[in-house]
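>>> 3D model of this:
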Amino acid sequence: KARYFVKVEYTYDCISQIVANDDAYGPVPGSTTTTTVGNVYENDTLNGTAVVPSDVTLTSTPTPQLSINPTTGAVTVTPNTPAGTYTIDYTICDNANPGICDTATVTVVVETPCGSIDNFSAVQNASTNTLTNDYSVITDVNILGGERDIAIINKIGSLPYRFGGSVAFNLLDVSQGSGEKSLITVQWDGVDNNAATLNPTGLGGINLGGITKITIPVVNKDAAPSGASLPVTLELWSNAGNASSLTITAPSNVINVNMDFILSSFTPLVGAGVDLTNIGAIVLKLDSTPATTASGLDFGIGSIAYYGNCLTPSPSIAITKDGVYTDANADGITSVGDTINYTFVVTNTGNVPLTNVTVTDNNATVLGGPIAMLAVGASNSTTFTGVHTITAADIAAGYVYNLATATGTPPTGPNVTATSTDPVPDPNPC
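The predicted model follows:
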């Protein structure tokens with residue numbers, strides 16, 4: 001009886017497993033610069049372990065709003081992307097087994113800022129000298145309050161500092177040469193042509209009561225000198241002189257990362273702390289003095305904006321007028337050449353500050369003004385005066401009738417106007 005033996009050989013193929021997981025980011029603020037919001041590799045796996053970017057190949061088709069870097073996996077939002085929810089798909093494949101792939105979707109929610117503090121479209125080159133303390137101001141309609149002040153305090157070193165905005169990228173670029181260290185202060189405190197002294201009432205009482213955060217995009221930053229961090233402090237001042245602040249350490253060797261200053265994390269700096277419904281000044285401080293070695297530093301920040309429950313701007317203005325008759329020759333008779341002298345009270349009756357406030361009158365010569373800034377709820381009774389000289393036509397009519405008009409410019413939108421509420425004849429009729 002014959003026996004037969006059959007040898008059976010098995011070949012096992014180790015099939016890799018790759019998993020691309022969906023990602024969701026946001027809400028993230030819209031920005032005038034490219035913003036990095038996350039990295040798709042952070043939650044993807046290859047054979048049960050975290051993906052090593054060099055072990056896979058990533059493919060993705062950029063959209064007008066989003067793109068994914070195939071080498072690093074970074075997800076970026078295109079500059080000037082409007083508010084909305086956006087998606088982009090990507091696929092990763094195992095380099096050792098190119099046919100083994102997986103696909104995932106990235107979702108990014110972009111939010112719209114309530115307002116801008118500074119988009120840095122106004123170029124400001126300053127401090128290219130070796131003074132111990134140096135100051136620079138620039139005015140522009142795209143700057144909150146109309147003016148940006150820059151101060152360099154206690155320079156250490158002998159080389160010039162360079163500050164400059166970039167028209168191409170709309171950012172504030174701070175460059176310090178080798179061995180340079182200082183406290184750099186940027187102030188938004190209204191138009192006062194003064195970078196050396198803070199005006200805590202200069203913004204006129206902006207209402208940020210519903211705001212949850214102020215975002216400063218870090219466009220680029222070198223490694224901190226000698227390993228020291230770069231403290232970035234934001235101060236908020238009220239018209240009453242109280243203030244609060246928050247300091248965040250700027251990350252090193254980064255591009256396009258947002259620094260979010262959460263308003264609930266601010267602590268009192270002066271007095272009882274800031275009243276968010278009555279902001280008079282905003283101050284940004286960059287302190288590179290902790291550096292201990294001779295090292296240069298570049299620090300670029302993009303458009304600074306604030307987010308939260310946005311207050312709907314409702315600008316408005318009011319004006320009252322009072323006239324006093326003057327008998328020029330004291331003859332007790334209204335005559336040609338006598339005058340009516342007017343005083344005006346202009347009031348900001350809206351919820352946003354007004355700038356460049358003017359007064360005109362259709363039948364009088366107005367002197368004074370303009371008012372550079374009229375705070376919310378503020379009145380001005382001293383800047384403007386007017387005079388009307390009596391004519392023969394006035395005497396024939398038996399009265400003088402005229403209207404005064406006040407005009408103001410809100411932070412956004414068209415000018416607001418109002419007509420005087422008391423256009424009554426002078427009590428001394430012609």
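
>>> So Thr249 sits against Leu230, correct?
Yes - Thr249 lies in contact with Leu230 (C-beta atoms under 8 Å); the separation is 6.8 Å. For every residue, glycine as well, the C-beta is placed using N, CA and C.

>>> Looking at those two, which one has more neighbours?
Leu230 (23 against 12; other C-beta atoms under 10 Å).

>>> Let me know the pLDDT of that one.
Looking at Leu230, its pLDDT reads 73.

>>> Equivalent analysis for Asn341, please.
On the pLDDT scale, Asn341 gets 92.

>>> give me every residue that touches it.
When contacts are counted by C-beta atoms under 8 Å, 6 or more residues apart in numbering, Asn341 touches Gly323, Val324, Thr326, Thr385, Gly386, Val387.

>>> what's around the last one, how many residues?
Just to be clear, that refers to Val387. For Val387, using other C-beta under 10 Å, the count is 15.

>>> if I pick it, what's in contact with it?
Listed by C-beta under 8 Å, 6+ apart, the contact partners of Val387 are Thr339, Ile340, Asn341, Tyr342, Ala364, Thr365, Leu367.

>>> swap in the second one?
Neighbouring residues of Val324 by C-beta under 8 Å, 6+ apart: Ile340, Asn341, Tyr342, Thr343.

>>> still on that earlier bit, could you dump the contacts of Asn341 to a markdown table with secondary structure, distance to Asn95 and pLDDT?
Converted to a markdown table, those look like this (DSSP: H, G, I helix; E, B strand; the rest coil; distance: C-beta to C-beta, whole Å; pLDDT from 0 to 100):
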| residue | secondary structure | distance to Asn95 | pLDDT |
| --- | --- | --- | --- |
| Gly323 | strand | 87 | 89 |
| Val324 | strand | 90 | 89 |
| Thr326 | strand | 94 | 89 |
| Thr385 | strand | 81 | 95 |
| Gly386 | strand | 82 | 94 |
| Val387 | strand | 86 | 94 |
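
>>> Mind checking which of the contacts of Val324 are buried?
Buried by 16 or more other C-beta atoms under 10 Å: Ile340, Tyr342, out of these.

>>> want to throw the contacts of Val324 into CSV with secondary structure and distance to Gly300?
As requested, these are exported to CSV (DSSP: H, G, I helix; E, B strand; the rest coil; distance: C-beta to C-beta, whole Å):
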residue, secondary structure, distance to Gly300
Ile340, strand, 59
Asn341, strand, 56
Tyr342, strand, 52
Thr343, strand, 51
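
>>> Tell me the one of the contacts of Val324 nearest Asn239?
Of all the contacts of Val324, Thr343 has the smallest distance to Asn239: 25.4 Å, by C-beta to C-beta.

>>> Would you mind listing the residues in contact with that closest one?
Lys321, Asp322, Val324, Ser381, Phe384, Thr385, Gly386.

>>> Repeat that for Gly30.
So, once contact is read as C-beta under 8 Å, 6+ apart, Gly30 ends up touching Val77, Asn80, Thr81, Pro82, Ala83, Val110, Glu111, Thr112, Pro113.

>>> Buried members of these into ChimeraX, please.
ChimeraX command restricting the contacts of Gly30 to the buried ones, with burial defined by 16+ other C-beta under 10 Å:
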select :77,81,110,111,113
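
>>> Please narrow the contacts of Gly30 to those residing in strands.
Val77, Val110, Glu111 (DSSP state E).

>>> just the residues you listed now: which is nearest Thr334?
When the ones in strands among the contacts of Gly30 are compared against Thr334 (criterion: C-beta to C-beta), the nearest one is Glu111, at 64.5 Å.

>>> picking that back up, among the ones in strands among the contacts of Gly30, which one lies nearest to Pro414?
Glu111 (25.8 Å).

>>> Please tell me how far that closest one sits from Gln65.
13 Å (C-beta to C-beta, to the nearest Å).

>>> What is the nearest of the contacts of Gly30 to Val357?
After measuring the contacts of Gly30 against Val357 - C-beta to C-beta - the closest member comes out as Pro113, at 26.4 Å.

>>> show me the contacts for the residue nearest the centre of the chain.
The residue lying closest to the centre of the chain (C-alpha atoms, centre = their mean) is Ile117, at 2.1 Å. By C-beta under 8 Å, 6+ apart, the contact list for Ile117 reads Leu144, Trp188, Ile214, Ile282, Ile304, Ala305, Tyr306.

>>> what residues are up against the residue nearest to Asn69 when sequence neighbours are not counted?
In this structure, Asn69 finds its nearest non-sequential neighbour in Thr76, 7.3 Å apart by C-beta to C-beta, 6 or more residues apart in numbering. Residues near Thr76 by C-beta under 8 Å, 6+ apart: Thr34, Thr35, Thr36, Val37, Leu66, Ser67, Ile68, Asn69, Asn256.

>>> For burial, what's the neighbour tally of the third one?
In terms of burial, Thr36 registers 19 neighbours under the definition other C-beta under 10 Å.

>>> ok but it is inside a strand, no?
Yes - assessed with DSSP: H, G, I helix; E, B strand; the rest coil, Thr36 lies in a strand.

>>> Bridged to it, which residues?
The bridge-partner assignment for Thr36, based on DSSP bridges, gives Thr76.

>>> Can you check the pLDDT for it?
So Thr36 comes in at 87 (pLDDT).

>>> Correct me if wrong: it contacts Pro217.
No - taking C-beta under 8 Å as the definition, Thr36 is not a contact partner of Pro217, at 9.7 Å.

>>> so what's Val28 scoring on pLDDT?
Predicted confidence (pLDDT) at Val28: the value is 83.

>>> hang on, Tyr25 packs against Glu111?
No - Tyr25 lies out of contact with Glu111 (C-beta under 8 Å); the separation is 11.6 Å.

>>> a markdown table please, covering the contacts of Val324 and showing distance to Ser121.
Formatted as a markdown table, these follow (distance: C-beta to C-beta, whole Å):
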| residue | distance to Ser121 |
| --- | --- |
| Ile340 | 47 |
| Asn341 | 45 |
| Tyr342 | 41 |
| Thr343 | 40 |
